[in-house]
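Asker: Using only what follows, build the 3D model:
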Amino acid sequence: MSISKFKQWLDEVDPYALQRITLYKCLVIATVEVYVYWLFQPVSFLAFFSPFLLLSLYEAPVLSTFKEKEWLLIFIAIAVILISVSYYLVYPFYGTFFFFSVFVFGVTYFCVLKYFYALKSLTMLLIATGAVVLSTEPPANLEVAYGFISSTALSITTVLICLRFLPNMYLIIWNRALQKYIECLEKDIDSSMSQDHKSPIGEEILHFGMVRNYRRMIPKKYVMQTYRVSVNIRNIQHALDNLYYEKKNELFWHDVKVNLYRLRLNMKTYAPCGTPTLSIEPETQLQHYITHCLQQAFIRWNKLCSLRRN
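Answerer: Presented below is the predicted three-dimensional model:
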């Protein structure tokens, strides 16, 4: 009983399993970095370890391509090196350091706004990370500054290599986000039938935004099938908006909801779900279109399951 409650709590606080995947990657990379540190013995432990504190930003949902994620890591490496080295060299000159730190903050802030606008909090994280070396002795030593550069470069290189070899688990996030979206669609159908006008629009936008963002990063062999599944489910939601222009058929929409629920349950275990079953034949053009979208969603999901097993 306690395990089921724990799983339920995890699903509430981490509905897309994004944080669990991030934790897994961080633990693997941290383990590798320990061995890299033991093998290469970089000059500065703080400079070697500090970029690791920013690794979680790699999994930010706003970064929807691998290129953006890699550019973020490169930007972090360059920024941390420049900030830590310049702070370390200027810090002994207390009168100058204050004005210099304000200048660095301004430059960092505008660079973040220009290249990673959605990650505005990155500015303070970079400043804080670059400042961890201020207490290093001796102060303002060029040899020590070179050690910062080599240590940070070694750390970021290790992270990039590890991320290249770690398995791609973004299909899990896409799957969970689409499940949440389908669940909202089921509520939409209930709302349309009862005419209570309580539609979870905000949740739908959030969930489908996650579907679109992570669809671009799943393994290539799944791309076409995931695209077709999500588009057909989205088309059913769009068709639901046109329900008010025709006579309602509650039995038909009940069948649609039951089939969506069956699809959602099968998505949890990546199990094929055959074909949708309807107790009545579609009557209107809209109902025929919804039936077609539902059939295509099932077909594409079955193909995705087949690809995943092979």
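Asker: What separation is there between the residue lying closest to residue 275 once chain neighbours are set aside and residue 267?
Answerer: Distances taken as CB to CB, 6 or more residues apart in numbering place residue 298 nearest to residue 275, at 5.7 Å, with adjacent residues excluded. In short, each C-beta sits where N, CA and C put it, glycine included. Residue 298 is 11 Å from residue 267, where distance means CB to CB, to the nearest Å.
Asker: returning to that earlier point: who touches the residue nearest to residue 275 in this structure?
Answerer: By CB atoms under 8 Å, 6 or more residues apart in numbering, the contact list for residue 298 reads 259, 263, 273-276.
Asker: where in this structure is pLDDT low?
Answerer: The model of the chain has pLDDT under 70 over residues 1, 196-197, 199, 244-246.
Asker: all helices of the stretch 201-310 of the chain, in order?
Answerer: Assigned by DSSP state H, counting those that start in this stretch, the helices in the stretch 201-310 of the chain fall at 201-215, 220-240, 250-269, 285-309.
Asker: can you put the contacts of residue 298 in a markdown table and add distance to residue 234 and neighbour count?
Answerer: A markdown table is the format used below for those (distance: CB to CB, whole Å; neighbours: other CB atoms under 10 Å):
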| residue | distance to residue 234 | neighbour count |
| --- | --- | --- |
| 259 | 16 | 21 |
| 263 | 14 | 20 |
| 273 | 18 | 17 |
| 274 | 22 | 11 |
| 275 | 20 | 11 |
| 276 | 17 | 20 |
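Asker: Specify which member of the residues you listed is nearest to residue 241.
Answerer: residue 259 (19.2 Å; CB to CB).
Asker: For the closest one, give me its contacts.
Answerer: 276-278, 294, 298.
Asker: secondary structure class for the most centrally placed residue in the chain?
Answerer: The residue lying closest to the centre of the chain (CA atoms, centre = their mean) is residue 61, at 3.5 Å. Assigned with DSSP: H, G, I helix; E, B strand; the rest coil, residue 61 falls in the coil class.
Asker: Hmm, it is touching residue 211, no?
Answerer: No. Using CB atoms under 8 Å, residue 61 and residue 211 do not qualify as a contacting pair, with a distance of 10.9 Å.
Asker: and the end-to-end length of stretch 107-127?
Answerer: Terminal residues of stretch 107-127 lie 11 Å apart, using CA to CA, to the nearest Å.
Asker: all numbers from here: first residue = 418
Answerer: Sure, I'll start numbering at 418, so the last one becomes stretch 524-544.
Asker: roughly how far out does that stretch sit from the chain middle?
Answerer: Centre-to-centre, stretch 524-544 and its host chain are 19 Å apart (CA atoms, centre = their mean, to the nearest Å).
Asker: got a markdown table for the helices of the stretch 618-727 of the chain, with distance to residue 451 too?
Answerer: As requested, the helices of the stretch 618-727 of the chain are exported to a markdown table (distance: least, CB to CB, whole Å):
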| stretch | distance to residue 451 |
| --- | --- |
| helix 618-632 | 30 |
| helix 637-657 | 33 |
| helix 667-686 | 36 |
| helix 702-726 | 33 |
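Asker: from the contacts of residue 676, which two are the most distant?
Answerer: Top of the distance list for these (CB to CB): 695 and 715, 11.8 Å.
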